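*Asks:* Sequence and predicted structure below; questions after.
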Amino acid sequence: MNPVYHQAKFINSSPHLKDTPPDQGLEVAFAGRSNAGKSSAINTLTRQNSLARISKTPGRTQMLNFFEIDDRQRFVDLPGYGYAKVPLEVKKKWHELMETYLTSRKSLCAIILVMDVRHPLTEFDWQMVEWCEHTGLPLHVLLTKADKLNYGAAKNTLLQVEKALKDASFPVTIQLFSSLKKTGIDEVHAALDRLFNPVEQGQSEISTPS
């Protein structure tokens, strides 16, 4: 466990890229379906109950939310996608905001893709995977809510997702995670340590899990 992530603090919410913190240092962005447990995962891995806003209404994260870890590292909570019952025009704006961030943010060094272990690899998840493949950006997959399945079923889903992504041409790692049971925290901290420490040519030293 790396205690540096426990000192994360909220610094900015922005509906536009022009209002975001300076584009310097390194950022790991959290992406995922609106009800996949993204905010809970951020709170759990930082040991802060209310750092990232949790709502019983999926889709309430409508802006880019920035959290400072230290003077060179940040988390970014991206708008949740795919589920929120909001007007089409609002969804369009969320999509445009995410697309602009993902394509133009120079400090973005990796993506953590949060998926509900019971509903992995949705159409929207695949779009994010394909974007990472296109850019070569490292990807770490969090299969959240692992406590909702017995261990055998959760492990089987992990193996299925690993198999689906085994031919990826970019760095990918995958793990089970539970905010409720506080399991998988050490593993995600280790992944973040790698993602925040890129080696030559801007790649992260990540190996596909066996």
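*Replies:* In hand now; what should we look at? Being a predicted model, the structure only gives us computed values, none of them experimental. Residues are numbered from 1 along each chain as shown.
*Asks:* C-alpha from now on. contacts and neighbour counts both.
*Replies:* Noted.
*Asks:* secondary structure element for the residue sitting nearest the centre point of the chain?
*Replies:* When the chain is reduced to its mean C-alpha position, the nearest residue by C-alpha atoms, centre = their mean turns out to be residue 30, at 2.4 Å. Element membership of residue 30 [criterion: DSSP states H and E] is strand 26-32.
*Asks:* So what's the gap between that strand and the chain middle?
*Replies:* When C-alpha coordinates are averaged (C-alpha atoms, centre = their mean, to the nearest Å), strand 26-32 and its chain have centres 5 Å apart.
*Asks:* cool, and stretch 126-135?
*Replies:* In terms of C-alpha atoms, centre = their mean, the centre of stretch 126-135 is found 13 Å from the chain centre.
*Asks:* got a list of contacts for it?
*Replies:* Outside stretch 126-135, the residues that touch it by C-alpha atoms under 8 Å, 6 or more residues apart in numbering are 111, 113, 138, 139, 168, 169, 170.
*Asks:* List buried residues within these.
*Replies:* 111, 113, 138, 139, 170 (16 or more other C-alpha atoms under 10 Å).
*Asks:* Need these in a markdown table (columns: distance to residue 197 and pLDDT).
*Replies:* As requested, the buried ones among the contacts of stretch 126-135 are arranged in a markdown table below (distance: C-alpha to C-alpha, whole Å; pLDDT from 0 to 100):
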| residue | distance to residue 197 | pLDDT |
| --- | --- | --- |
| 111 | 14 | 97 |
| 113 | 19 | 97 |
| 138 | 12 | 97 |
| 139 | 14 | 97 |
| 170 | 16 | 93 |
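*Asks:* quick one: which of the residues you listed is nearest residue 178?
*Replies:* Distance from residue 178 was checked for each of these by C-alpha to C-alpha. The minimum falls on residue 113, at 14.4 Å.
*Asks:* Tell me the gap between the strand or helix carrying the closest one and the middle of its chain.
*Replies:* Secondary-structure assignment from DSSP H and E places residue 113 in strand 108-116. Strand 108-116 has its average C-alpha position 3 Å from the chain's average C-alpha position, going by C-alpha atoms, centre = their mean.
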